[in-house]
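In: Fold the following.
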Amino acid sequence: MPVVLVTGASGNVGREVVVALRALGVTVRAAERNEARARGRLGDGVDVVRLDYRDRSTFACVNGASALFLMRPPAIADMASTLLPFVDEARRRGVEHIVFLSVAGAEKNKLVPHHAVEQHLKRGPGWTILRPGFFAQNFGDAYRRDIVEDGRVFVPAGRGRVAFVDVRDVAAIAAAALAAPADHDERAYTLTGAAAVDFATAASDLSVVLGRTICYDAASIARYALHLRARGAPWAQVAVQTVLHVGLRFGQAAAVDPTLERLLGRRPRTLGEYFRDHAAVWERGTGEPGHDA
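Out: Numbers count the residues shown, from 1 in each chain. Take a look at the predicted model:
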């Protein structure tokens with residue numbers, strides 16, 4: 001049977017893509033730099049192979065795969081020596097279709113690494129680009145530690161509003177494009193939730209679900225960058241995350257796009273639904289969250 005290789009398979013998006021593909025009866029191979037961690041998160045029944053974008057000997061993991069779900073690890077900013085050569089090798093080894101997890105606005109923003117990958121993909125055949133807005137799952141991943149330890153959401157977004165999108169909905173579209181490439185070939189989709197909210201409102205809604213106060217602390221650019229560094233993020237990751245969040249001040253993620261609802265055939269999940277479905281994530285002592293939101 002055709003095999004789909006899923007990169008970042010143990011993270012928030014990758015795991016949901018694996019689930020969605022398996023529900024469609026597609027054979028999945030999971031690619032991760034840390035194979036043991038991936039096996040622990042994905043459980044039995046999923047073939048796990050090693051992929052390290054900085055080690056080209058691992059690019060052979062695509063052998064036998066007909067399609068590829070590609071995503072950029074947050075810590076990698078240099079695309080020219082990592083993801084771009086991997087794309088070339090995947091195509092050389094027979095991968096016919098690549099679904100790339102980009103970000104909203106990447107086609108116009110050369111400052112984000114996803115822009116280079118998009119341009120590279122378009123020079124060849126067989127691609128679908130997904131441009132989701134900010135994930136609802138960021139609250140359970142990138143923002144989780146601040147929420148759990150400090151009772152706050154700490155980002156430099158000002159009063160900007162965001163049409164948060166649920167990873168589960170994005171994964172459903174990714175799986176559809178991987179399972180039926182002809183229906184989505186050479187398409188780029190901007191994917192957002194159905195309504196935009198500001199971070200103060202989001203923090204208030206989360207407070208209601210958790211039964212304790214979570215506040216929104218509107219960080220300055222400098223405070224946010226230093227905060228990420230203190231948390232151990234490399235400078236490249238700090239730069240990308242800061243640029244993306246500062247853009248929220250200027251409405252870069254406020255627009256609601258109807259594409260996701262059209263593709264799903266239903267209304268996208270709301271931020272409130274995500275909070276209610278995952279309330280245990282913000283309890284102290286819960287398991288490690290994903291790493292790619």
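In: Helices of this protein, start to end?
Out: Taking DSSP state H, the helices of the chain run over residues 12-23, 35-42, 83-92, 114-122, 144-150, 167-179, 199-210, 221-230, 235-246, 259-264, 271-277.
In: what angle sits between the first one and helix 167-179?
Out: Right, helix 12-23. 50 degrees (axes from the mean of the first three to the mean of the last three CA atoms, to 10 degrees).
In: which secondary structure elements does helix 12-23 contact?
Out: Applying 3 or more CB pairs under 8 Å, 6 or more residues apart in numbering; DSSP states H and E, we find helix 12-23 packed against strand 3-7, strand 27-32, helix 35-42, strand 65-71, helix 167-179. In this view, the C-beta of every residue, glycine as well, is placed from N, C-alpha and C.
In: circling back to that earlier point, among the helices of the chain, which comes closest to residue 49?
Out: The closest of these to residue 49 is helix 35-42. By CB to CB, the value is 7.3 Å.
In: which of the residues in the closest one are buried?
Out: Neighbour counts using 16 or more other CB atoms under 10 Å place 38, 39, 41, 42 of helix 35-42 among the buried residues.
In: For those, which two are the farthest from each other?
Out: Maximum distance among the buried residues of helix 35-42 (CB to CB): 7.5 Å, for 39 and 41.
In: shaky segments in the protein?
Out: Across the chain, the ranges flagged by pLDDT under 70 are 1, 285-293.
In: can you do 80?
Out: Along the chain, the model assigns pLDDT under 80 to residues 1, 284-293.
In: Neighbours of residue 226, how many?
Out: 13 (other CB atoms under 10 Å).
In: With residue 164 instead?
Out: Neighbours of residue 164 (other CB under 10 Å): 27.
In: gap between the two ends of stretch 58-78?
Out: 18 Å (CA to CA, to the nearest Å).
In: Residue ranges of each domain in the chain, please.
Out: Here the domain assignment for the chain is 3-135+164-191, 136-162+194-253+265-282, based on automatic domain parsing.
In: closest one to residue 259 among those?
Out: From those, taking CB to CB, the stretch that ends up closest is domain 3-135+164-191, at 5.2 Å.
In: Could you give me the buried positions within stretch 15-27?
Out: So stretch 15-27, judged by 16+ other CB under 10 Å, has buried residues 15, 16, 17, 18, 19, 20, 21, 26.
In: Turn these into TSV, including distance to residue 204.
Out: As requested, the buried residues of stretch 15-27 are arranged in TSV below (distance: CB to CB, whole Å):
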residue	distance to residue 204
15	29
16	27
17	31
18	33
19	31
20	31
21	36
26	40
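In: Which of those sits closest to residue 139?
Out: residue 16 (15.7 Å).
In: wait, isn't that closest one in contact with residue 173?
Out: No - using CB atoms under 8 Å, residue 16 is not in contact with residue 173; the gap is 10.8 Å.
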